[in-house]
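Peer 1: no sequence for this one, just the structure:
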């Protein structure tokens, strides 16, 4: 392998939620689409409901830091042409059950216009939103089952944000811009990253992806921007696992800052903003309102967003977040103040004492604000200097994949299979953003007899599963547990969207740092061979690998390459 640094992903960004990642890619210039944006409140129950993210039984909602929203955009070739809708949620992740219910409602409104092929839903991965809306047991344990109020709030917000975007469709243009943001994330598992082959690590300048990609939507008649969506990788864990206030975390804060800034700065915005330097400086000087208590004199417009779709919509979407942490000061021992053990992220063998620190430490609300402001300011820079206009076809591909039984041919004609899902001791150890419990440490490969007995009481893994998951030990055999219903996802949804020359894909799984650079490269090679320019990016070793050991690049690349071939050969949708 060459040690050169590959071309940066100038056109493509992975949008991630633990249950979904979305690729959006781009192709030529001077085109006009129908564009629409929408935004709707999805805060849900603010008291007595367990939060989704940290898996902490004691983390139940008890108030609101700031409200949560679903933000949608729709792009269409014409009133009857190809289109897609993308929705970004202030939530830990999307959910298949939520998506199914949303599509049912949209079908009643619009027939087949919006369907499973062209509606993509992603989450910012905040760990401070109400849980209980997912359909698998492993995600419902801490919420003590399904929470109808939480589920309904999310479904309704997605539906009505899409309705707003649909009703506001108008001729317009989409612009793209990219840039690097260096101070909003660090790799929280640097020792795991070092297990990637040296030649693989040499391909990239850093152990995280610092790229931010922004799409800007401009009304073709007025020249005014109606919205902007950006993708950047950093976890929604500025708010700690002890927090009990509902919050959109740093990305939700960034969205509020962006929307408030635009509303207060622009009356009308032309497609070429000549005063970009001036407005960027103004954004950097702005004192953001989010993350701090609202004063009695604060306007209602800043406290509660309108739901009529008339406001500028700015969304900060999740990218290949993996092990990228917003706690940029690093991880330290709470008892001594010294840095944690490098290899195990623990202190004297205790992972509970090793906790990451955000830039506002010890104030997590301040850390949320700072990381949000950093994303907001970079988005303003990209927004005010966006010149590259997108044009070309809109396309999409949607497939269901059984990721528990995929055959992959490795080098030397060796054929291997993926495994049913399983959680290992590394999962129980948690991360420096939210340490786990029960004495596990990151990097553990063995389970003691006590925990084996606990595991076997729930479900003893089959010999096939134990052998398939090696070298990872099986702590919870979730992929083979079906009582009272399935514990883990079996069939993944993979959805790829094309806007002009920008390719985007949505799949299920937490996109980990090195491992996710490669799918883009595979897509790039195949599409480029078909004379369609697509971006490059990311790949490999991650402590969590659920459907097999951490280095699972081959089956991921196989599925992405299949999708790319379908695009390049013009094969049918669905």
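Peer 2: Perfect, I can see it now. All figures in this text were calculated on a predicted structure; none of them were measured in a lab.
Peer 1: only C-alpha atoms from now on, for both contacts and neighbour counts.
Peer 2: Noted.
Peer 1: check contacts around residue 367.
Peer 2: If you count contacts by CA atoms under 8 Å, 6 or more residues apart in numbering, residue 367 has them with 238-239, 358-361.
Peer 1: can you name the element that comes right after the helix or strand hosting it?
Peer 2: Residue 367 belongs to helix 364-385 when assigned by DSSP states H and E. Remark: after helix 364-385, the chain's next helix or strand is strand 388-389, criterion DSSP H and E.
Peer 1: tell me what that next one is packed against?
Peer 2: strand 170-180 (3 or more CA pairs under 8 Å, 6 or more residues apart in numbering; DSSP states H and E).
Peer 1: quick check: buried residues in the strand it packs on?
Peer 2: Neighbour-count burial for strand 170-180, with 16 or more other CA atoms under 10 Å as criterion, is recorded at 170-179.
Peer 1: equivalent analysis for stretch 456-474, please.
Peer 2: Under the neighbour-count criterion of 16+ other CA under 10 Å, stretch 456-474 has 459-461, 465-466, 468-469, 472-474 buried.
Peer 1: need the contact partners of it.
Peer 2: With CA under 8 Å, 6+ apart as the criterion, stretch 456-474 contacts 418-420, 422-425, 445-447, 476-477, 480-481, 547-549.
Peer 1: of these, buried ones?
Peer 2: The neighbour count (16+ other CA under 10 Å) marks 418-420, 422-425, 446, 476-477, 480-481, 547-549 as buried among these.
Peer 1: identify the residue nearest residue 243 in space, chain neighbours excluded?
Peer 2: Excluding its sequence neighbours, the residue lying closest to residue 243 (CA to CA, 6 or more residues apart in numbering) is residue 59, at 6.9 Å.
Peer 1: kindly report the same for residue 180.
Peer 2: Leaving aside its sequence neighbours, residue 180 sits nearest to residue 211 (CA to CA, 6+ apart; 4.6 Å).
Peer 1: what is the neighbour count of the one you found?
Peer 2: Residue 211 sits with 21 neighbouring residues when counted by other CA atoms under 10 Å.
Peer 1: distance of it from residue 233?
Peer 2: Distance of residue 211 to residue 233, given as CA to CA, to the nearest Å: 8 Å.
Peer 1: now do residue 85
Peer 2: Taking CA to CA, one finds residue 85 at 22 Å from residue 233.
Peer 1: please say which of those two ends up with more neighbours.
Peer 2: Just comparing residue 85 and residue 233: by other CA under 10 Å the higher neighbour count belongs to residue 233, 32 against 22.
Peer 1: I'd say the more buried one and residue 209 touch.
Peer 2: Yes: applying CA atoms under 8 Å as the test, residue 233 and residue 209 come out as touching, 6.9 Å apart.
Peer 1: who touches both of the two?
Peer 2: residue 320.
Peer 1: hmm, back to that, what pLDDT does the residue nearest to residue 180 get?
Peer 2: Looking at residue 211, its pLDDT stands at 95.
Peer 1: please apply the same query to residue 266.
Peer 2: At residue 266, the pLDDT recorded in the model is 82.
Peer 1: that one - how many residues pack around it?
Peer 2: Residue 266 has 12 nearby residues by other CA under 10 Å.
Peer 1: do you know how far it is from residue 256?
Peer 2: 16 Å.
Peer 1: contacting residues around the nearest residue to residue 137 once chain neighbours are set aside?
Peer 2: Once flanking residues are discounted, residue 137 sits nearest to residue 487: 4.3 Å by CA to CA, 6+ apart. By CA under 8 Å, 6+ apart, the contact set of residue 487 is 136-139, 478-479, 481.
Peer 1: tell me if I am right that residue 487 is in a strand.
Peer 2: No: with DSSP: H, G, I helix; E, B strand; the rest coil as the criterion, residue 487 is coil rather than part of a strand.
Peer 1: need the contact list for residue 138.
Peer 2: Under the contact definition (CA under 8 Å, 6+ apart), the residues listed for residue 138 are 478, 487-488.
Peer 1: show me where the stretch 151-300 of the chain has its helices.
Peer 2: Secondary structure of the stretch 151-300 of the chain (DSSP state H, counting those that start in this stretch): helices located at 190-193, 198-201, 249-265, 276-285, 300-303.
Peer 1: among those, show the one with the smallest mean pLDDT.
Peer 2: Among the helices of the stretch 151-300 of the chain, helix 300-303 scores lowest, with a mean of 42.
Peer 1: can you name the next helix or strand after that one?
Peer 2: Trace forward from helix 300-303 with DSSP H and E and the next one is strand 313-318.
Peer 1: what sits up against the following helix or strand past that next one?
Peer 2: Heading C-terminal from strand 313-318, the first helix or strand you meet, by DSSP H and E, is strand 324-325. Strand 324-325 has contacts (CA under 8 Å, 6+ apart) with 185-188, 208, 233-235, 237, 433, 513.
Peer 1: try 6 Å
Peer 2: 185-188, 234-235 (CA atoms under 6 Å, 6 or more residues apart in numbering).
Peer 1: below-threshold pLDDT in this protein: ranges please.
Peer 2: Scanning the chain for pLDDT under 70 picks out 1-31, 267-310, 501-574.
Peer 1: which other residues reach stretch 250-269?
Peer 2: Contacts of stretch 250-269 (CA under 6 Å, 6+ apart): 223-225, 288, 290, 314-316, 368, 371-373, 376.
Peer 1: dump the residues you listed to CSV, plus distance to residue 347 and neighbour count.
Peer 2: Shown next, in CSV, are the contacts of stretch 250-269 (distance: CA to CA, whole Å; neighbours: other CA atoms under 10 Å):
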residue, distance to residue 347, neighbour count
223, 56, 16
224, 53, 18
225, 50, 24
288, 36, 21
290, 34, 25
314, 41, 30
315, 38, 33
316, 34, 33
368, 25, 30
371, 26, 27
372, 30, 28
373, 32, 27
376, 35, 29
